[in-house]
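# With the input below, show me the fold.
(one chain, ligands or ions: 1)
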Amino acid sequence: MGVVNVTPDSFSDGGVNLRADDAVSTARRLLDEGAAIVDIGGESTRPGSDGVSVDEELRRVEPVLEALAGAPISIDTSKAAVARRALAHGAELVNDVTALRADPELAGVVADSGAYLCLMHMLGEPRTMQTNPVYDDVVSDVKAFLEERLAFAVAAGVREELVCLDPGIGFGKTVEQNFELVRRLDELVAIGRPVLIGFSRKSSLGRITGDPNARTGSLAGSIGAAVSAYERGATLLRVHDVRDHVEALAVAKAVTAP
Ligand code: HH2
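You can find the predicted model right below:
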């Protein structure tokens, strides 16, 4: 999954794709480079961020979705109104970092459309989530949450076979908790749904490679995390640098699943 943030303030590519033309050409390039789907987002969820209005989010993403009609698109949103427009433009997947907790109408919109759905774990909300996240056991807690949200989605009419699950790397987790979630990924894979991991460029990568104040991680660090996640059973990898990840994963696959 290639990432295209149509935002001024995303943590690693803020501003790069704020103009619709730039976002569209980035999305096309990521698909050419081997992305199976591109995730279009109009709201940053980086630590400390405030949300944006429906109108602003639509103003950012709708021209991009329109121009990309026919391409495999995921919409990164928590808002039913944005998802509805994106699905009308042909989006195939709704990627909700709140796992259907933010907008009571989103579950119905996804269910009615027959689209794929990604449910992600987040402790707290972006504005405050990195202030002292505490778990009994991070993997068990995240697993219980994802099972509960999967049951909620299914009860709302979403077909279980269309749902993937994501532990939410960096969303209310310490550096060590992020790595533990990948180390013990088999416990999340055991739920029985495909698991998505989004470690690309996240600050935990920079923090373990020598910079205690890193705000982003390097490409090399991102690939290391992606390959580790793949080897532990991740099915989808959400990344900014598609070509490099596709190559690294092709090599990892040649070793593990020739
Ligand atoms: N991470 C980000 C945004 N959306 N969705 C899923 N399912 N999993 C993730 O790990 C995930 C996500 C944050 O990264 P990015 O989009 O690059 O930054 P920002 O939120 O600042 O726009």
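# And the helices in the stretch 51-200 of the chain?
For the stretch 51-200 of the chain, helices defined by DSSP state H, counting those that start in this stretch occupy the ranges 54-67, 80-88, 106-113, 138-155, 175-183, 185-189.
# What angle do helix 80-88 and the first one make with each other?
Read it as helix 54-67. 10 degrees (axes from the mean of the first three to the mean of the last three C-alpha atoms, to 10 degrees).
# Any idea how far helix 54-67 is from the middle of the chain?
How far helix 54-67 lies from its chain's middle: 18 Å, per C-alpha atoms, centre = their mean, to the nearest Å.
# which helices and strands sit right next to that helix?
When contacts are defined as 3 or more C-beta pairs under 8 Å, 6 or more residues apart in numbering; DSSP states H and E, helix 54-67 packs onto helix 20-32, strand 38-41, strand 73-76, helix 80-88. Any C-beta I mention is one placed from the backbone N, CA and C, and that applies to glycine too.
# Need the contact partners of the third one.
When contacts are defined by C-beta atoms under 8 Å, 6 or more residues apart in numbering, strand 73-76 is touched by residues 1, 27, 37-43, 61, 65, 82-83, 86-87, 89-95, 97, 116, 118.
# Serialize the helices of the stretch 51-200 of the chain to CSV and add fields for mean pLDDT and distance to the ligand.
Shown next, in CSV, are those (pLDDT from 0 to 100; distance: least, C-beta to the nearest ligand atom, whole Å):
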stretch, mean pLDDT, distance to the ligand
helix 54-67, 98, 11
helix 80-88, 98, 14
helix 106-113, 98, 14
helix 138-155, 98, 12
helix 175-183, 98, 10
helix 185-189, 98, 13
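# Reformat these as JSON lines; add mean neighbour count.
Shown next, in JSON lines, are the helices of the stretch 51-200 of the chain (neighbours: other C-beta atoms under 10 Å):
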{"stretch": "helix 54-67", "mean neighbour count": "19"}
{"stretch": "helix 80-88", "mean neighbour count": "21"}
{"stretch": "helix 106-113", "mean neighbour count": "20"}
{"stretch": "helix 138-155", "mean neighbour count": "17"}
{"stretch": "helix 175-183", "mean neighbour count": "19"}
{"stretch": "helix 185-189", "mean neighbour count": "18"}
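# from the stretch 151-258 of the chain, which residue is nearest to the ligand?
Using C-beta to the nearest ligand atom, Gly198 is the residue of the stretch 151-258 of the chain that sits closest to the ligand, at 2.4 Å.
# So that residue is in contact with His245, correct?
No: the criterion here is C-beta atoms under 8 Å, and Gly198 misses it with His245 at 11.7 Å.
# what about those two, which has more around it?
Between Gly198 and His245, Gly198 has the larger neighbour count (other C-beta atoms under 10 Å), namely 29 against 25.
# which residue sits closest to that one, ignoring its sequence neighbours?
Spatial nearest neighbour of Gly198, chain neighbours left out: Arg238 (3.7 Å); criterion: C-beta to C-beta, 6 or more residues apart in numbering.
# For the one you found, list the residues it contacts.
1, 3, 39, 196-198, 200.
# Recalculate using a threshold of 7 Å.
Shown in contact with Arg238 (C-beta atoms under 7 Å, 6 or more residues apart in numbering): 1, 3, 39, 196, 198, 200.
# Let me know the pLDDT of the last one.
According to the prediction, Ser200 has pLDDT 98.
# which residues does the nearest residue to it once chain neighbours are set aside bridge with?
Of all residues not flanking Ser200 in the chain, Val239 sits nearest, at 4.2 Å (C-beta to C-beta, 6+ apart). Per DSSP bridges, the residues bridged to Val239 are Gly2.
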